[in-house]
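Q: this one's structure only:
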């Protein structure tokens, strides 16, 4: 399934030897058309990896015939040589697949500041090309894992057309715990402008609101490729909703696999004066290390929620704020509410509601708790 | 020493029973004049504790004759009753000390959302008043501790006049790991305007740049009281420098005592286009959880420094950035620099230099590493 659920696509995932442990580390996704329309959304970090700089250029042409993805190295902060390596990667894929290098996107994930072992990458592309299959989506999803404990795929099948995809990372587009790479495919016949509109709308309310640790990667990439092989052009709204659903599904899988996390926290902001206010408050709560520690300790510490709200510029009056944790309104009108001992926090999902009492807009941000395991994984990652 | 190093001040610290473990939890600092000039700087969190709201009003009058401080409860998010309790605290101190309640500042620290046991607070004020002494500064510093492992005091003695002070917290004024309370005293004869100017200048480059975990307290308070008892009015520049030196000393003590930390990290930003840029970049680096984990693991992971810089709006070109860790320029021109194996990270202090190559401004932000102990302390604090 995954990126090969939609007609017109093949994929492969192989071990090219980029990772020293011999695990799969190189994936290919090929669009066999008839259409080659594509859209992409990339990290807003100003320090961008070479493959991001390359793929942004490719997407400007509007056509993507293949994507080469590797784990085991981010090819970020690698200077002109790193960019040459990405270029050589696309050229090699073009050669073995008989395609135009200018239509081949590249995505990389792994440690920053290391050049890729290009002999292995270039040889691996040949191997992957030989392994391309209409059933290769799962193997491709496995090959892009880094610290992921599971591979992530999602599919929405509609009447005669399909949107599917794969993701890696325990992170997110705007901020990112680790690099997030996502490739979505569809066999619907949708032009580049509609793809771009649907993808931006979807990422804005899904991946962009998954904020595991507030850190933004140099490599985050989300691509949407359309083959047109189904010969169907759905209504825009229906198509956009399918793209959103796949993004939402993959985003949830990212949060559930966040490094070291023991809780998935849904921060829902209600009654904000604007959607921007709701997102700002949601992010402030989601990024508060003290609160994330408290949730880890199953402590419904609503004072830390108020403290986080207080650092924002959103419209609210301190003495009108209400906070619920797992359904119990522990803070009413800025002060003590219902008995905090009633809050049951034994389960993995925790639901925090912040009612700003300042309007009618809402937003939901997903995050994780802060754990000793997170510290351990991220202090030992490159050592 | 501490707040009683300067002439004209007495202080006391006693156990009023606010803390269940019986440790000291109530402090008094009294200015016996002849002057009662004062200045204060408070949290910029919009959710402010009752004692902050009270003391801001007191400071508007420009005169402070005494400060009542308690640990064991923040009196934040406690509604009108919490404010009445702060008012009653000042009234009680005024009564036992024969002072004007409108000239008595109050500061509290501890858990948010709990009302103080006012019978114990009011009784404790009487006990503390009876214990006031010219040698009471140390006991006062001990009584305001919460999770602090040591009490913090500092003194600068000049020719005929002195500035001294005490602090609690493992945190900071703008952002705060926990509440920071600071009381500074001087026997120099300095008017309120000069005190205010000197205090704001000092906190801007000291406490405001100590950013242990990016969280901002509802209770942060820094007070500077001048008795004039030395009968000396120093030059403004010399006085301001003494205040800055005491703040800097106390700020360093806060960082060294940050909850669960194993490293003190000095983030120095060089060659920024503006001081604001330098501070923004320094804070972004200092708040990056992934980097803070890496430093804990003694991993000179400069890619995470670049990634943090890339999220800011500061002026820089990615391929001109340079980063040194403990003296080794591990990143040159946005790419790999000197051998990272040369970086010695065995010691507690870690020095990160980020060279933006965009101007000549500079700023230094202090932070700590992110550790499993931090998670443990902050997930178990209120349970």
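A: Sure, I can see it. Please read all numbers here as calculations on a predicted model, not as lab measurements.
Q: what's the local residue count around the residue of the stretch 51-200 of chain A found nearest chain B?
A: Chain B sits closest to residue A:112 of the stretch 51-200 of chain A, with a gap of 2.6 Å, by C-beta to the nearest C-beta. Using the backbone N, CA and C atoms, a C-beta is placed for each residue, glycine as well. By the criterion of other C-beta atoms under 10 Å in any protein chain shown, residue A:112 has 26 neighbours.
Q: pull the contacting residues for it.
A: A:49, A:74, A:76-77, A:218, B:301-304, B:306-307 (C-beta atoms under 8 Å, 6 or more residues apart in numbering or on different chains).
Q: what's the closest non-adjacent residue to it?
A: residue B:303 (2.6 Å; C-beta to C-beta, 6 or more residues apart in numbering or on different chains).
Q: the helix or strand of chain A with the lowest mean pLDDT close to chain B?
A: When each helix and strand of chain A is scored by mean pLDDT, DSSP states H and E, helix A:372-380 comes last, with a mean of 81. Yes: against chain B, helix A:372-380 shows contacts by C-beta under 8 Å from any C-beta of the partner chain at A:372, A:374-380.
Q: drop anything exposed from those.
A: Buried residues within the residues of helix A:372-380 next to chain B, counting neighbours by 16 or more other C-beta atoms under 10 Å in any protein chain shown: A:372, A:374-379.
Q: any chance of the residues you listed in a markdown table, with distance to residue B:294 too?
A: Converted to a markdown table, those look like this (distance: C-beta to C-beta, whole Å):
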| residue | distance to residue B:294 |
| --- | --- |
| A:372 | 16 |
| A:374 | 12 |
| A:375 | 10 |
| A:376 | 12 |
| A:377 | 11 |
| A:378 | 7 |
| A:379 | 6 |
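Q: which one of the residues you listed is nearest residue B:131?
A: Closest approach between these and residue B:131, by C-beta to C-beta: residue A:372, at 41.9 Å.
Q: identify the residues contacting the closest one.
A: Here residue A:372 is in contact with A:260, B:372, B:375-376 (criterion: C-beta under 8 Å, 6+ apart).
Q: after whatever helix or strand residue A:197 lives in, which helix or strand is next?
A: Assigned by DSSP states H and E, residue A:197 belongs to helix A:192-205. Using DSSP H and E, the helix or strand that follows helix A:192-205 in sequence is strand A:221-226.
Q: hmm, who's touching that next one?
A: A:9, A:29, A:31, A:35-43, A:51-52, A:55, A:59, A:64, A:67, A:105, A:107, A:173, A:180-190, A:195, A:198-199, A:203, A:207, A:243, A:247.
Q: same question, stretch A:243-253
A: A:150, A:152-156, A:163-167, A:172, A:182, A:184, A:186, A:198-199, A:201-203, A:205-207, A:209-210, A:222, A:224, A:366.
Q: selection in PyMOL covering whichever of the residues you listed are buried, please.
A: This is the PyMOL syntax for the buried subset of the contacts of stretch A:243-253, where burial follows 16+ other C-beta under 10 Å:
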select buried, chain A and resi 152+153+154+155+156+163+164+165+166+167+172+182+184+186+198+199+202+203+205+206+207+209+210+222+224+366
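Q: how close does the residue nearest to residue A:144 when sequence neighbours are not counted sit to residue A:207?
A: Closest residue to residue A:144 apart from its sequence neighbours, by C-beta to C-beta, 6+ apart: residue A:168 at 4.2 Å. Using C-beta to C-beta, to the nearest Å, residue A:168 is found at 12 Å from residue A:207.
Q: cool, residue A:169 as well?
A: Residue A:169 is 9 Å from residue A:207, where distance means C-beta to C-beta.
Q: intersection of neighbour lists for these two?
A: What both residue A:169 and residue A:207 touch, as defined by C-beta under 8 Å, 6+ apart, is the set A:180, A:254.
Q: low pLDDT regions in chain A?
A: Low-confidence segments of chain A (pLDDT under 70): A:170-178, A:214-215, A:380-383.
Q: so where's the longest helix in it?
A: helix A:236-256 (DSSP state H).
Q: relative to strand A:221-226, how tilted is that one?
A: Helix A:236-256 runs at 140 degrees relative to strand A:221-226, counting by axes from the mean of the first three to the mean of the last three C-alpha atoms, to 10 degrees.
Q: can you pull the buried residues of helix A:236-256?
A: A:239-256.
Q: let me know the secondary structure of the nearest residue to residue A:9 once chain neighbours are set aside.
A: Nearest in space to residue A:9, with sequence neighbours left out and distances taken as C-beta to C-beta, 6+ apart, is residue A:185 at 4.9 Å. Here residue A:185 is recorded as strand under DSSP: H, G, I helix; E, B strand; the rest coil.
Q: could you give the number of residues near residue A:185?
A: Residue A:185: 32 neighbours (other C-beta under 10 Å).
Q: ranges for the helices of the stretch 51-200 of chain A?
A: A:79-97, A:118-130, A:137-143, A:192-205 (DSSP state H, counting those that start in this stretch).
Q: next, the angle helix A:236-256 makes with the last one.
A: Here helix A:192-205 runs at an angle of 40 degrees relative to helix A:236-256 (the same axes, to 10 degrees).
Q: which helices and strands does helix A:192-205 pack with?
A: strand A:37-42, strand A:221-226, helix A:236-256 (3 or more C-beta pairs under 8 Å, 6 or more residues apart in numbering or on different chains; DSSP states H and E).
Q: for residue B:20, find the nearest of these.
A: Among those, helix A:236-256 comes nearest to residue B:20, with 37.6 Å by C-beta to C-beta.
Q: rewinding a little: pick the one among the buried ones among the residues of helix A:372-380 next to chain B closest to residue A:314.
A: residue A:374 (27.7 Å).
Q: let me see the contact set for the closest residue to that closest one other than its chain neighbours.
A: Leaving aside its sequence neighbours, residue A:374 sits nearest to residue A:260 (C-beta to C-beta, 6+ apart; 3.3 Å). Applying C-beta under 8 Å, 6+ apart, we find residue A:260 in contact with A:371-378.
Q: residue A:36 too?
A: A:63-65, A:103, A:225, A:227.
Q: now the two most distant members of these.
A: Going by C-beta to C-beta, the pair spanning those furthest: A:103 and A:227, at 13.4 Å.
Q: which one of those two has more residues nearby?
A: residue A:227 (22 against 19).
Q: any idea how far residue B:342 is from that one?
A: Distance, residue A:227 to residue B:342, using C-beta to C-beta: 51 Å.
Q: ditto for residue A:17
A: 28 Å.
Q: higher neighbour count, these two?
A: Using other C-beta under 10 Å as the criterion, residue A:17 and residue B:342 rank with residue A:17 on top: 17 against 13.
Q: which element is that one on?
A: With DSSP H and E as criterion, residue A:17 is part of no helix or strand.
Q: buried residues in stretch A:344-355?
A: Quick answer for stretch A:344-355 (16+ other C-beta under 10 Å): A:345, A:350, A:352-355.
Q: check contacts around residue A:231.
A: residue A:189.
Q: now for the buried residues of stretch A:344-355, which pair is the farthest apart?
A: Farthest-apart pair in the buried residues of stretch A:344-355 is A:345 and A:355; separation 19.6 Å (C-beta to C-beta).
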